[in-house]
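In: okay, sequence plus prediction incoming.
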Amino acid sequence: DAKTTQPTSMDCAEGRAANLPCNHSTISGNEYVYWYRQIHSQGPQYIIHGLKNNETNEMASLIITEDRKSSTLILPHATLRDTAVYYCIVRVAFYKLSFGAGTTVTVRA
Amino acid sequence: GAVVSQHPSWVICKSGTSVKIECRSLDFQATTMFWYRQFPKQSLMLMATSNEGSKATYEQGVEKDKFLINHASLTLSTLTVTSAHPEDSSFYICSPSGRVGGNQPQHFGDGTRLSIL
């Protein structure tokens, strides 16, 4: 699976959009980009995934660059409950997820 | 999303005790089960993968005789930490998968925090 690079941490203001970057320059053509988050002492929670096109659901939007070497997860209106570690993972359409260090996002009032 | 039930959520026990953790997929058939563990301030590490009715495949460095995995049905898998010691204290998380392949997301249990005294 391709490796990803994410910032170690970031702060954002409550009510503002949070933009979380992820670099995956070695991504293969058949690998998807997945985003999960882990709130303290809980299991990871699925947020969104995509292959080439931008995706949006009730939780977030995923913007994937045309060359697929990077992506951005957008939380449109961050709340205090969005404070968590966010993981960007790329994998082939198979089954095993490998977690990196992720980005620790702190939403401040 | 898929409903995954993991039990117990928290357990404290004495060194030398064996501890069993259950993971149930409540709304789909889990042909594959992934078990992860997470030490404090670290990321999740895959321990083993099991397919229903087959022996589990363990990741490098994970002792198969210490971490016994049973996946006898499509809705239940168990992880038993045998003769647990303080260094086995960790957060254990299961992740059932309904099919091999495909781009559907994996879902996770809420984890079991194991503390060995």
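Out: Ah, there it is. Keep in mind that what you see is a predicted model, and the values were worked out from it rather than measured.

In: contact partners for B:Q104?
Out: B:G98 (CB atoms under 8 Å, 6 or more residues apart in numbering or on different chains). The C-beta positions use only the backbone N, C-alpha and C, and glycine is treated the same way.

In: quick one: secondary structure of it?
Out: Local secondary structure at B:Q104 is given as coil here, using DSSP: H, G, I helix; E, B strand; the rest coil.

In: in chain B, which residue sits closest to chain A?
Out: Nearest residue of chain B to chain A: B:F108, at 3.7 Å (CB to the nearest CB).

In: what residues are up against that residue?
Out: A:43-45, B:4, B:36, B:93-95.

In: near chain B, which residues of chain A? Just list them.
Out: A:32, A:34, A:38, A:41-46, A:49, A:51, A:87, A:93-102 (CB under 8 Å from any CB of the partner chain).

In: filter those to the buried ones?
Out: Applying 16 or more other CB atoms under 10 Å in any protein chain shown to the residues of chain A next to chain B, the neighbour count classes A:32, A:34, A:38, A:42-46, A:49, A:87, A:95-99, A:102 as buried.

In: most widely separated two among the residues you listed?
Out: Largest separation among these by CB to CB: A:Y32 and A:Q42, giving 23.3 Å.

In: one step back: pLDDT score assigned to the residue lying closest to the residue of chain B closest to chain A once chain neighbours are set aside?
Out: Residue nearest to B:F108 in three dimensions, not counting chain neighbours: A:G43, with 3.7 Å by CB to CB, 6 or more residues apart in numbering or on different chains. Note for A:G43: predicted pLDDT of 95.

In: the spatially most central residue of chain B sits in which helix or strand?
Out: Centroid-nearest residue in chain B, with CA atoms, centre = their mean: B:W35, separated by 3.5 Å. If you go by DSSP states H and E, B:W35 is part of strand B:32-38.

In: against B:V11, how distant is B:T17?
Out: Computed as CB to CB, to the nearest Å, the B:T17 to B:V11 distance reads 9 Å.

In: neighbour count: the two, which is higher?
Out: Neighbours were counted for B:T17 and for B:V11 using other CB atoms under 10 Å in any protein chain shown; B:V11 has more, 18 against 15.
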